[in-house]
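Student: Need coordinates for the below:
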Amino acid sequence: MTRLGFLLDSDSCIGCHACTVACKSEHDVPLGVNRTWVKYIETGSFPDVARKFTVMRCNQCEDAPCMAICPTSALYRSDNGVVDFQDDNCIGCKSCMNACPYDALYINPATNTAHKCNMCNHRLEVGLEPSCQIVCPTEAIKIGDLDDPTSDISRIIARDDVSVRAPEQNTKPKVYYRGADQAALDPTRTAIANDGLIWAETTVDHPTVPVTLGSVPTDEHGVVGRTTYTTAHKMTWKEKVSGYLVTKAIAAGVMLVAALLVLLGHADRQAAVGIMPPVVAGFFLAVTGVLLIVDLKQPTRFYYLITKGNMTSWLVKGAYILMAFAAVSGLWFLGGLVGSSSLLKILAIPAVLGAAGTAGYTAFLFGQCEGRDLWQTPLLLPILLAQAVTAGGAAYAIADLFMDVPETNAIRWVLLGGLAATAALIAVELTAKGSRHVELAVEVMTKGRYAKQFWWGGIVLGLVIPAAALIVALATDTSSPVLGAMAGIGALVGMFAYEDSFVRAGQSVPLS
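Tutor: Okay, the predicted model is just below:
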């Protein structure tokens, strides 16, 4: 088995875009998306200025995060070491796009499946060179076997000073750059100036370092150059993913509180403990499934998660966790329907475990999104669990408006405890030191584009106001469910606002 890799010679590149055009022609790549493209940056101050050209593409990682997260093995490694893709297996979940630290994948609008540079593997397999290598007028693109010490690229890599993109991600990329400016390889070191240049205008769909540049692009963010030509990459996960985080938190949380009430001796409360919780959980699990399926670019293939499931992907593991939790909730409903308090007592522990798995597995899924450093926080799992407790308390506080709920004050304390834990964890998350990507994402979330949504929605509406309402309700020992219900509604709306700002801010830092 060979290990093919690229050597991209930035010293020789003239920025002619022949590689981009050849790639588009070879693979019928539609307008608006690219498998390979040339990025221009400018550094220095007049008159000592320079323009640098860098070819961007899939890095053919040895430890490819896109393959690990792909739920259907649509991304796979061929015998020559190339990371290739299979259209027929792709469900269009877009997880590979967030897993890739190099911004290399895109959804082909013609097929609604994930595509990327595959080194023209169909040509390699018959002894031909990739189209980009053939057309490069300066021979700035070279391909060869990295395990063959006599190959051109092996000799260059051994002899010259070469670099790779994002080495801190430990994906072991097999695309090497000779003579590339480090600011061209690290997109957080350059920014797109909002000065009207037509080649690289700032747009909503094009993340850039959150600074305004003048004629001398340098500031406290460490920006040393300006990007004057590159390609835009749209945000992949938006409100549907944010919503699914909340809906499954409600499903998990209401069963957590139901299990608590069983342990407190209320297994005989048929309506409030036996029937209402699994009905609510079942409804929001169904909504969760709908959100997940609708967000797919190939929604009719959703069942591939089971029939072609890749068990290294937390999308697949999550699907099994959701099904197991749905089964437990269904048994709970049957127990409540026939009034079997003994069955509810038996199911209490499985319900807690299933709820914790349902609420928390997304932390591991986001952890596989190696391109999004903000999502790699070890605090994500406890935050999701705290949010499930909050959502469960909120669901019961709202239900108290319509039915006789036992242990009203205990439920208020559960909701208040969930809010307090969530607030404490978010505070630690915002103040903890992280990578440059994390710091930039936190800045966008708390000071930039999503600041109003985060502070007024996620913090004030979602944490402060509900906590104040609950404190008043507990202090006055009121039997009225209004304050608790208001707190619950505010907590759930605010939870979505926070999750949406977190999901979007994590994708706001440029990767290419």
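Student: Count the residues that sit near E125.
Tutor: By other Cβ atoms under 10 Å, 12 other residues sit near E125. Placement of C-beta: from N, CA and C, glycine included.
Student: so what's the closest residue to it other than its chain neighbours up against?
Tutor: Using Cβ to Cβ, 6 or more residues apart in numbering and skipping residues adjacent in sequence, the residue nearest E125 is N80, 7.6 Å away. For N80, the contact set (Cβ atoms under 8 Å, 6 or more residues apart in numbering) comprises M1, T2, L4, N121, L124, E125.
Student: same thing with K172?
Tutor: So K172 contacts C61, E62, D63 (Cβ under 8 Å, 6+ apart).
Student: Of the residues you listed, just say which sits nearest to P149.
Tutor: Among the contacts of K172, E62 lies closest to P149 (Cβ to Cβ), at 17.7 Å.
Student: re the thing from before, could you single out the nearest of the contacts of K172 to L511?
Tutor: Top of the list for closeness to L511, among these and by Cβ to Cβ, is C61 at 13.6 Å.
Student: list the contacts for the closest one?
Tutor: V83, T171, K172, P173, K174.
Student: Which pLDDT value belongs to it?
Tutor: Per-residue confidence at C61 stands at 95 (pLDDT).
Student: Name the SS class of it, please.
Tutor: In the three-state summary, C61 is assigned as coil, counting by DSSP: H, G, I helix; E, B strand; the rest coil.
Student: what's near enough to touch C96?
Tutor: Counted by Cβ under 8 Å, 6+ apart, C96 has contacts C66, I69, C70, L75, L105, A114.
Student: how much space between it and L315?
Tutor: Distance of C96 to L315, given as Cβ to Cβ, to the nearest Å: 10 Å.
Student: Please enumerate the shared neighbours of those two.
Tutor: Between them, C96 and L315 have I69 as joint contacts when contacts are counted by Cβ under 8 Å, 6+ apart.
Student: thinking A18 is in contact with T138, fair?
Tutor: No: shown here, A18 and T138 do not form a contact pair, counting by Cβ atoms under 8 Å, at 9.5 Å.
Student: The two: who's more crowded?
Tutor: A direct count of neighbours by other Cβ under 10 Å for A18 and T138 places A18 higher, at 19 against 12.
Student: Nearest spatial neighbour of the more buried one, chain-adjacent residues omitted?
Tutor: Spatially, and ignoring its direct neighbours in sequence, A18 is nearest to V135 (4.5 Å; Cβ to Cβ, 6+ apart).
Student: picking that back up, any idea how far C61 is from the residue nearest to E125?
Tutor: Per Cβ to Cβ, N80 is found 15 Å from C61.
Student: ok, and for the longest helix seen in the chain, which residues are buried?
Tutor: Here the longest helix in the chain is taken by residue count, with DSSP state H as the criterion, and it is helix 341-367. Burial within helix 341-367, assessed by neighbour count using 16 or more other Cβ atoms under 10 Å, is assigned to 341, 343-344, 347-348, 350-352, 354-363, 365-367.
Student: other SSEs contacting it?
Tutor: Using 3 or more Cβ pairs under 8 Å, 6 or more residues apart in numbering; DSSP states H and E as the contact criterion, the elements in contact with helix 341-367 are helix 239-263, helix 314-337, helix 380-399.
Student: Out of the ones you listed, which gets nearest to A110?
Tutor: Using Cβ to Cβ as the measure, helix 239-263 is the one of those that comes nearest A110, at 22.5 Å.
Student: Dump the next helix-or-strand element following that closest one to PDB, keeping only the CA atoms.
Tutor: Remark: after helix 239-263, the chain's next helix or strand is helix 276-294, criterion DSSP states H and E. Taking Å, rounded to 0.1, in the frame of the first residue of the first chain, the C-alpha atoms of helix 276-294 are listed here in PDB:
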ATOM      1  CA  MET A 276     -47.000  12.600  31.200                       C
ATOM      2  CA  PRO A 277     -43.200  12.200  31.200                       C
ATOM      3  CA  PRO A 278     -42.900   9.500  28.500                       C
ATOM      4  CA  VAL A 279     -45.500  11.200  26.400                       C
ATOM      5  CA  VAL A 280     -43.500  14.500  26.500                       C
ATOM      6  CA  ALA A 281     -40.200  12.600  26.000                       C
ATOM      7  CA  GLY A 282     -41.700  10.600  23.100                       C
ATOM      8  CA  PHE A 283     -42.900  13.800  21.400                       C
ATOM      9  CA  PHE A 284     -39.600  15.700  21.800                       C
ATOM     10  CA  LEU A 285     -37.700  12.600  20.700                       C
ATOM     11  CA  ALA A 286     -39.800  12.600  17.500                       C
ATOM     12  CA  VAL A 287     -39.100  16.300  17.000                       C
ATOM     13  CA  THR A 288     -35.400  15.600  17.500                       C
ATOM     14  CA  GLY A 289     -35.600  12.900  14.800                       C
ATOM     15  CA  VAL A 290     -37.400  15.200  12.400                       C
ATOM     16  CA  LEU A 291     -34.900  18.000  12.900                       C
ATOM     17  CA  LEU A 292     -32.000  15.600  12.300                       C
ATOM     18  CA  ILE A 293     -33.600  14.100   9.100                       C
ATOM     19  CA  VAL A 294     -34.700  17.500   7.700                       C
END
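Student: in the helix or strand just after helix 276-294, what's buried?
Tutor: Counting by DSSP H and E, the next helix or strand C-terminal to helix 276-294 is helix 304-307. If you call a residue buried by 16+ other Cβ under 10 Å, then helix 304-307 has these buried ones: Y304, L305.
Student: Run the chain-centre distance for helix 304-307.
Tutor: On the basis of Cα atoms, centre = their mean, to the nearest Å, helix 304-307 sits 21 Å off its chain's mean C-alpha point.
Student: what comes into contact with that helix?
Tutor: Judged by Cβ under 8 Å, 6+ apart, the contacts made with helix 304-307 from elsewhere in the structure are P71, T72, N89, I91, L315, V316, A319.
Student: Could you list the domains of the chain?
Tutor: 4-229, 239-506 (automatic domain parsing).
Student: Going by mean pLDDT, which of those comes out lowest?
Tutor: Considering the domains of the chain one by one, the lowest average pLDDT is found for domain 4-229, at a mean of 88.
Student: what's the spacing between that one and its chain's center?
Tutor: Relative to the centre of its chain, domain 4-229 is centred 20 Å away, using Cα atoms, centre = their mean.
Student: Let's see the distance spanning it from one end to the other.
Tutor: Taking Cα to Cα, to the nearest Å, the first and last residues of domain 4-229 lie 29 Å apart.
Student: re the thing from before, among the contacts of C96, which lie within strands?
Tutor: Secondary structure defined by DSSP state E assigns L75, A114 of the contacts of C96 to strands.
Student: From the contacts of C96, pick the one nearest T422.
Tutor: I69 (26.6 Å).
Student: Now do the same for G458: helix, strand or coil?
Tutor: Secondary structure of G458, per three-state DSSP, is helix.
Student: circling back to that earlier point, tell me which of the domains of the chain lies nearest to S512.
Tutor: Relative to S512, the nearest member of the domains of the chain by Cβ to Cβ is domain 4-229, separated by 3.6 Å.
Student: hang on, the earlier thing: generate TSV for the contacts of C61, with secondary structure and distance to V279 as supplementary columns.
Tutor: Compiled in TSV, the contacts of C61 are given as follows (DSSP: H, G, I helix; E, B strand; the rest coil; distance: Cβ to Cβ, whole Å):
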residue	secondary structure	distance to V279
V83	strand	45
T171	coil	45
K172	coil	49
P173	coil	50
K174	coil	52
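Student: out of those residues, which are buried?
Tutor: For those, a neighbour count by 16+ other Cβ under 10 Å gives the buried set as V83, T171, P173, K174.
Student: Would you reformat the contacts of N80 as TSV and include distance to M323 and secondary structure?
Tutor: Compiled in TSV, those are given as follows (distance: Cβ to Cβ, whole Å; DSSP: H, G, I helix; E, B strand; the rest coil):
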residue	distance to M323	secondary structure
M1	37	coil
T2	41	coil
L4	40	strand
N121	36	helix
L124	41	helix
E125	39	coil
